[in-house]
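what's the 3D shape of this:
(one chain, ligands or ions: 1)
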Amino acid sequence: MLKGKTALVTGSTSGIGLGIAKALAAQGANIVINGFGDVDGPKAEVAALGAKVAYHGADMSKPAEIEAMIAYAAEQFGRVDILVNNAGIQHVARVENFPPERWDAIIAINMSSAFHATRLALPAMQAAGWGRIINVASVHGLVASAEKAAYVAAKHGVVGLTKVTALENATTGVTCNAICPGWVLTPLVQKQVDAKAATQGISNEDATKLLLGEKEPSMQFTTPEELGALAVFFCSPAGNNVRGVAWNMDGGWAAQ
Ligand code: NAD
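Alright, predicted model coming up:
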């Protein structure tokens, strides 16, 4: 379905981004991977699906590096047709204890990077008459949790950016939508499970049950594969007039 199209997925060396990159690759898209850590492993996983793969190591907190990445993707494959703004980090602390530099980093990586990548990728999509911008927000783009001030602020911001981008392009073939996952068992959440186990002196298994039980009525994690399938839907012809939605895949979290 996506043969000849190019998808740039930020933060795709791990977790949800890698899951979405693989789902788009399985539909025939060329993939530009981004993120830190091991690159060869994720690249090989995507290439194994028959996709052409390139990698750019832009730090998503740096607008000049984001600009270089969009230019690199265009150089490699012509243009970016599908932009998935996914890179993100977390820090947990009460507002009065929240380190200002962690606030700045989360706002930059989780929110401002989506603005920069979007503004830089849009012109080529508009010129081509087709484009898909998919923002990986969070259920925390819709509701809050204590001790996640920067994350919740950034994700609510991403949902707002999604709506504005969708509206400004509503008469074109360019759509913009957000995906709002509940808990997904990636390194980002594993750290929170580990912290819970350590502070409460309980096993990893009990900490996992506690984490899910606090928020997610289904008592099960959403998977990167499920989120990848939603991204594929947004890119399908059936998604042509889906504009500005924030679609949760959260096991009922926000329905409470
Ligand atoms: P993860 O830690 O597995 O992956 C994060 C990715 O972002 C990695 O590839 C990492 O290298 C990259 N990254 C981090 N900082 C970066 C930077 N400055 N520049 C470029 N890349 C950077 O986490 P994940 O759980 O897969 O999270 C992906 C997205 O999904 C995030 O935006 C997160 O907020 C969101 N999300 C996650 C969950 C969850 O439960 N895991 C739930 C809702 C939303």
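
my guess is residue 246 contacts residue 142. True?
Yes - taking contact to mean Cβ atoms under 8 Å, the distance of 6.3 Å between residue 246 and residue 142 places them in contact. Any C-beta I mention is one placed from the backbone N, CA and C, and that applies to glycine too.

shared neighbours, the two?
Taking Cβ atoms under 8 Å, 6 or more residues apart in numbering as the contact criterion, the common neighbours of residue 246 and residue 142 are 159, 180.

between these two, who's got more neighbours?
residue 246 (22 against 18; other Cβ atoms under 10 Å).

for that one, phi and psi?
phi -120, psi 100 (degrees, to the nearest 10).

dump the residue contacts of the nearest residue to it once chain neighbours are set aside.
Counting by Cβ to Cβ, 6 or more residues apart in numbering, residue 246 lies nearest to residue 178, which is 4.3 Å off, once chain neighbours are set aside. The contact partners of residue 178, taken as Cβ under 8 Å, 6+ apart, are 134, 135, 136, 137, 141, 158, 159, 162, 245, 246, 247.

now with 10 Å, please.
Contacts here follow Cβ atoms under 10 Å, 6 or more residues apart in numbering; on that basis residue 178 touches 85, 114, 133-138, 141-142, 155, 158-163, 165-166, 234, 244-248.

out of the residues you listed, which touch the ligand?
Of the residues in these, proximity to the ligand by Cβ under 6 Å from any ligand atom holds for 136, 138.

by residue count, what's the longest helix in this protein?
With DSSP state H setting the assignment, residue counts place helix 149-168 as the longest helix in the chain.

what is it packed up against?
Using 3 or more Cβ pairs under 10 Å, 6 or more residues apart in numbering; DSSP states H and E as the contact criterion, the elements in contact with helix 149-168 are strand 82-85, helix 100-106, helix 113-128, strand 131-136, strand 174-181, strand 246-249.

let's have the ones you listed in a markdown table, adding mean pLDDT.
Supplementary listing: the helices and strands packed on helix 149-168 in a markdown table, determined by pLDDT from 0 to 100:
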| stretch | mean pLDDT |
| --- | --- |
| strand 82-85 | 99 |
| helix 100-106 | 98 |
| helix 113-128 | 98 |
| strand 131-136 | 98 |
| strand 174-181 | 98 |
| strand 246-249 | 98 |
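
what phi and what psi does the backbone show at the residue positioned nearest the centre of the chain?
Note on the chain: the residue nearest the mean C-alpha position is residue 86, at 2.2 Å, using Cα atoms, centre = their mean. Backbone torsions of residue 86, given as degrees, to the nearest 10, read phi -120, psi -20.

what parts of the stretch 101-250 of the chain come near the ligand?
Counting by Cβ under 6 Å from any ligand atom, the positions of the stretch 101-250 of the chain adjacent to the ligand are 109, 110, 136, 138, 181, 183, 184, 186, 187, 188, 189.

and the last one, how many neighbours?
Okay, so that is residue 189. The tally of other residues near residue 189 (other Cβ under 10 Å) stands at 17.

shouldn't it be in contact with residue 183?
Yes - counting by Cβ atoms under 10 Å, a contact exists between residue 189 and residue 183, whose distance comes to 5.9 Å.

between these two, which contacts overlap?
Common neighbours of residue 189 and residue 183, using Cβ under 10 Å, 6+ apart, are 208, 211, 221.

so in terms of bridging, what pairs with residue 248?
According to DSSP bridges, residue 180 are recorded as the beta-bridge partners of residue 248.

shift numbering so it begins at 13
Sounds good: first residue 13 from here, last item residue 260.

re the thing from before, work out the gap between the longest helix of the chain and the centre of the chain.
Remark: helix 161-180 is offset 12 Å from the chain centroid, using Cα atoms, centre = their mean, to the nearest Å.

so what angle separates the directions of it and strand 186-193?
Angle, helix 161-180 to strand 186-193, by axes from the mean of the first three to the mean of the last three Cα atoms, to 10 degrees: 150 degrees.

list the buried residues in helix 161-180.
Neighbour counts over helix 161-180 (16 or more other Cβ atoms under 10 Å) mark 161-171, 173-175, 177-178 as buried.

no more questions from me, cheers.
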